[in-house]
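[1] Need coordinates for the below:
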Amino acid sequence: MLSRKRSDRALPTFITLLVVGVLLMTFDVRLEGGGVVGTLRTGTQAVVAPLQSAASRVVNPIADMVDSLSNIVSLREENAVLSAELAEAQADLVAVQDSSHGSTFSSNCTISTFPRRASGGPLPTSSASQTRLTLR
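    Numbers count the residues shown, from 1 in each chain. Prediction:
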C-alpha cells in the first residue's frame with residue numbers, strides 16, 4: 001500500500017516540477033538572465049558544479065573502459081584479418097621462391113614487402129605486410 005501512495009504522488013510532483021521549470025526558463029529568457037532568476041541560476045550552478053565534477057570523475061573512467069573494451073574487439077578482428085593476409089602472402093612467397101629455384105627468370109624477379117592495413121591504408125609500423133611480386 002505504501003508504494004501505491006508514492007506512485008499516486010509521483011505524477012503530480014513530476015508535472016509540478018516540469019511547470020515550474022518551464023516558468024523559470026521563461027522568466028530567465030524575458031529578464032535576459034538578470035534579477036531573481038539570474039541569482040537563482042547562479043546559486044544553483046554554485047551548488048551543482050561540484051556534484052557535476054564529482055559525477056564526471058566517477059563516470060568518465062567507466063565510459064573510457066567500455067570504449068576500450070569495444071576497441072579491443074575491433075582490434076582483435078583486424079588482427080585476425082591481417083594474420084590471415086600475412087599467412088597467405090607468406091604462402092605465396094614460399095610458392096614463388098620454390099618455383100624460382102632452377103628457373104631462368106629468377107634474376108628478373110623482384111619481391112617487395114610493404115606495410116598495409118586491412119582497410120587498405122598504410123600502417124605506421126611494419127606489424128603486417130603485403131608481398132608484391134614484380135617481374136621485369
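
[2] Just give the number of residues close to Asp92.
    Close neighbours of Asp92, defined as other C-beta atoms under 10 Å, add up to 15. Every residue, glycine included, has its C-beta placed from N, CA and C.

[3] Ser99 versus Ile92, what's the distance?
    Wrong residue type there; residue 92 is Asp, not Ile. Distance, Asp92 to Ser99, by C-beta to C-beta, to the nearest Å: 11 Å.

[4] What of Val58?
    Relative to Ser99, and taking C-beta to C-beta, Val58 is found at 63 Å.

[5] Between the two, which is the more surrounded one?
    Taking other C-beta under 10 Å, Val58 and Ser99 do not tie; Ser99 has more neighbours (12 against 8).

[6] Confirm that one sits in a strand?
    No - Ser99 is assigned helix when assessed by DSSP: H, G, I helix; E, B strand; the rest coil, not a strand.

[7] which residues touch it?
    By C-beta atoms under 8 Å, 6 or more residues apart in numbering, no residues touch Ser99.
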